[in-house]
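Enquirer: have a look at this prediction, sequence included:
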Amino acid sequence: MQEFLAKLPLSVVEAMAMIDSHAHDAGLVFIVDEINRLVGCITDGDIRRWILKGGEVNAPAEKVMYKTPIYLSERDAANAKAVLIKESITAVPIVDDDNKIVDIALSREVSNIKNRKKRLKGVPVVIMAGGKGTRLYPYTKILPKPLIPIGDTPIVERIIDCYVEYGIDKYYMTVNYKKGMLRSYFNDLAPNYGIKFVEEDKPLGTGGSIKLIEDKFDRPLFVTNCDALIRADYSDIYEHHIKCGNDITMVVALKNITVPYGVVNSGENGELLSMEEKPTLSYFINTGMYIINPETIDLIPDATMFHMTHLVEKVMKQGGKVGTYPISEDSFLDMGEFEEMKRMEQKLNIISDK
């Protein structure tokens, strides 16, 4: 229970880290006072809305805290499951007569219920799988990067499985390096979804290969790299794109970097103004997952090396609207390097972290 409780003072970024650490992926943390009395709740959605409004991640968590969360008394604890389902929430605290949290009821089923209500069937997904994966050499001397296994399942299959949960059954995979192995794998797998392979004759970058797709799209589509898992609500990302009227929405993840030294700030003539021991810097990074409107594809030049970042810049230059959808650091699992592969396996509970 303690992993779901936090005390003030607390920053937004610290709340995000606590939410990330939950084994049950409840997506929230309850705020308590010094004697465990419930004073508020912060969800990952609260934090996302705060960031999208321009709020700083180092701001006090009270600025995003919901001060009247749903809770149950010990006498009503037996109704917890019904409340979780009715309110479509993942956790509800149980409190005693002094409003102290004595237990937390969790529901693994709620997220599945929410997903069933928000299907994305018919939405296309383009997976960019043509790169050589040089950072993973020598693995990629034998296998194309998308087929490198995380546990016993290739990364690209795990990526597709994330979309399948939302009812998506139409995929395009742009391929080049060792493309025959990718075709053979999915032919043998015989999945219950369709994949069209789009072959590059020469490397065209992460965006250039999209122009090779002959089908015309009538709705916004997902475009994603083949080496990263995004653990987020894909329906919410898609709805956010539509609601904001974006031409492109880039999914971005928080990245915290700790400077391994004491940092000094100096003024005129080298006068020491302040010191900070091993500060943490926070940035949002591009995860390689996008939602794009079909008409943006027309801006991609034919048979030319062209990356998705070039498309973003071109849309912005022409006055189009590019937005972001922020996720937490641990919601972005990248396997671009060996150490990150180990982290991905640990977060997916494929291996222990010992």
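Expert: Okay, I see it.
Enquirer: only C-alpha atoms for contact and neighbour calcs from this point on.
Expert: Will do.
Enquirer: check contacts around Gly208.
Expert: Applying C-alpha atoms under 8 Å, 6 or more residues apart in numbering to Gly208 gives the contacts 300-308.
Enquirer: that's a helix at it, yeah?
Expert: Yes: per DSSP: H, G, I helix; E, B strand; the rest coil, Gly208 lies within a helix segment.
Enquirer: domain assignment for this protein?
Expert: 2-114, 119-347 (automatic domain parsing).
Enquirer: and those domains as JSON lines, adding mean pLDDT?
Expert: Below are these laid out as JSON lines (pLDDT from 0 to 100):
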{"stretch": "domain 2-114", "mean pLDDT": "88"}
{"stretch": "domain 119-347", "mean pLDDT": "88"}
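Enquirer: what about the contacts of Gly208, which are in helices?
Expert: Met308 (DSSP state H).
Enquirer: can you tell me which of the contacts of Gly208 are classed as buried?
Expert: Among those, those buried by neighbour count (16 or more other C-alpha atoms under 10 Å) are 300, 305-308.
Enquirer: quickly list what the spatially closest residue to Ile35 that is not a sequence neighbour is bridged to.
Expert: Using C-alpha to C-alpha, 6 or more residues apart in numbering and skipping the chain neighbours, the partner closest in space to Ile35 is Lys100 (7.2 Å). Note on Lys100: beta-bridge partners by DSSP bridges are Arg37.
Enquirer: all helices of the stretch 1-150 of the chain, in order?
Expert: Under the criterion DSSP state H, counting those that start in this stretch, helices of the stretch 1-150 of the chain are mapped to 12-20, 44-52, 80-87, 109-117, 139-142.
Enquirer: re the thing from before, redo the buried ones among the contacts of Gly208 as CSV? Include distance to Asn79.
Expert: Below are those laid out as CSV (distance: C-alpha to C-alpha, whole Å):
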residue, distance to Asn79
Ile300, 55
Met305, 58
Phe306, 56
His307, 52
Met308, 49
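Enquirer: secondary structure element for the nearest residue to Cys244 once chain neighbours are set aside?
Expert: Setting aside the residues directly before and after it, Cys244 is nearest to Gly323 in space (C-alpha to C-alpha, 6+ apart), at 7.9 Å. Assigned by DSSP states H and E, Gly323 belongs to strand 322-327.
Enquirer: if I take that strand and helix 44-52, what angle do their directions form?
Expert: Put simply, strand 322-327 runs at 140 degrees to helix 44-52, going by axes from the mean of the first three to the mean of the last three C-alpha atoms, to 10 degrees.
Enquirer: hmm, who's touching strand 322-327?
Expert: By C-alpha under 8 Å, 6+ apart, strand 322-327 touches 48, 51-52, 232, 237, 240-241, 244, 246-254, 284, 312, 315-316.
Enquirer: cool, and stretch 152-163?
Expert: Contact with stretch 152-163 is made by 146-149, 226-229, 234, as judged by C-alpha under 8 Å, 6+ apart.
Enquirer: likewise for stretch 46-62?
Expert: 8-13, 15-16, 64-65, 282, 324-327.
Enquirer: show the buried residues in those residues.
Expert: Buried members of the contacts of stretch 46-62, counted by 16+ other C-alpha under 10 Å: 11-13, 15-16, 64-65, 324-327.
Enquirer: and which of those is nearest Ile42?
Expert: Met65 (5.0 Å; C-alpha to C-alpha).
Enquirer: grab the nearest non-local neighbour of that closest one.
Expert: Closest to Met65 by C-alpha to C-alpha, 6+ apart is Ile42, at 5.0 Å.
Enquirer: surely the one you found meets Val29?
Expert: Yes: assessed by C-alpha atoms under 8 Å, Ile42 is found in contact with Val29 at 5.4 Å.
Enquirer: where do the contact lists of these two overlap?
Expert: Residues touching both Ile42 and Val29 (C-alpha under 8 Å, 6+ apart) are Ala15.
Enquirer: out of the contacts of strand 322-327, which sit inside strands?
Expert: Within the contacts of strand 322-327, residues falling in strands by DSSP state E are 248-254, 284.
Enquirer: would you turn those residues into TSV with neighbour count?
Expert: Formatted as TSV, those follow (neighbours: other C-alpha atoms under 10 Å):
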residue	neighbour count
Ile248	26
Thr249	25
Met250	25
Val251	23
Val252	23
Ala253	22
Leu254	21
Phe284	16
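Enquirer: any idea how many residues pack against Arg219?
Expert: Per other C-alpha atoms under 10 Å, the neighbour tally for Arg219 reads 12.
Enquirer: quick one: contacts for it?
Expert: 123, 293-294 are the contacts of Arg219 under C-alpha under 8 Å, 6+ apart.
Enquirer: I'd like the residues you listed laid out as a markdown table, including distance to Val175.
Expert: Shown next, in a markdown table, are the contacts of Arg219 (distance: C-alpha to C-alpha, whole Å):
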| residue | distance to Val175 |
| --- | --- |
| Val123 | 20 |
| Asn293 | 22 |
| Pro294 | 20 |
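Enquirer: ok so, going back, what's the next secondary structure element after the strand holding Gly323?
Expert: Per DSSP H and E, the first helix or strand lying C-terminal to strand 322-327 is strand 332-334.
Enquirer: only alpha carbons, please: show stretch 45-62 as PDB.
Expert: Provided in PDB are the C-alpha atoms of stretch 45-62 (Å, rounded to 0.1, in the frame of the first residue of the first chain):
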ATOM      1  CA  GLY A  45      -3.900  12.400 -16.600                       C
ATOM      2  CA  ASP A  46      -3.800  15.300 -14.100                       C
ATOM      3  CA  ILE A  47       0.000  15.600 -14.800                       C
ATOM      4  CA  ARG A  48      -0.500  15.400 -18.500                       C
ATOM      5  CA  ARG A  49      -3.100  18.200 -18.500                       C
ATOM      6  CA  TRP A  50      -0.800  20.300 -16.400                       C
ATOM      7  CA  ILE A  51       2.100  19.900 -18.800                       C
ATOM      8  CA  LEU A  52      -0.100  20.600 -21.900                       C
ATOM      9  CA  LYS A  53      -1.200  23.800 -20.300                       C
ATOM     10  CA  GLY A  54       2.500  24.800 -20.100                       C
ATOM     11  CA  GLY A  55       3.000  23.900 -16.400                       C
ATOM     12  CA  GLU A  56       6.500  23.200 -15.200                       C
ATOM     13  CA  VAL A  57       7.400  19.600 -14.200                       C
ATOM     14  CA  ASN A  58       9.300  21.000 -11.200                       C
ATOM     15  CA  ALA A  59       6.300  22.800  -9.900                       C
ATOM     16  CA  PRO A  60       4.700  21.800  -6.500                       C
ATOM     17  CA  ALA A  61       2.400  18.800  -6.900                       C
ATOM     18  CA  GLU A  62      -0.300  20.700  -5.100                       C
END
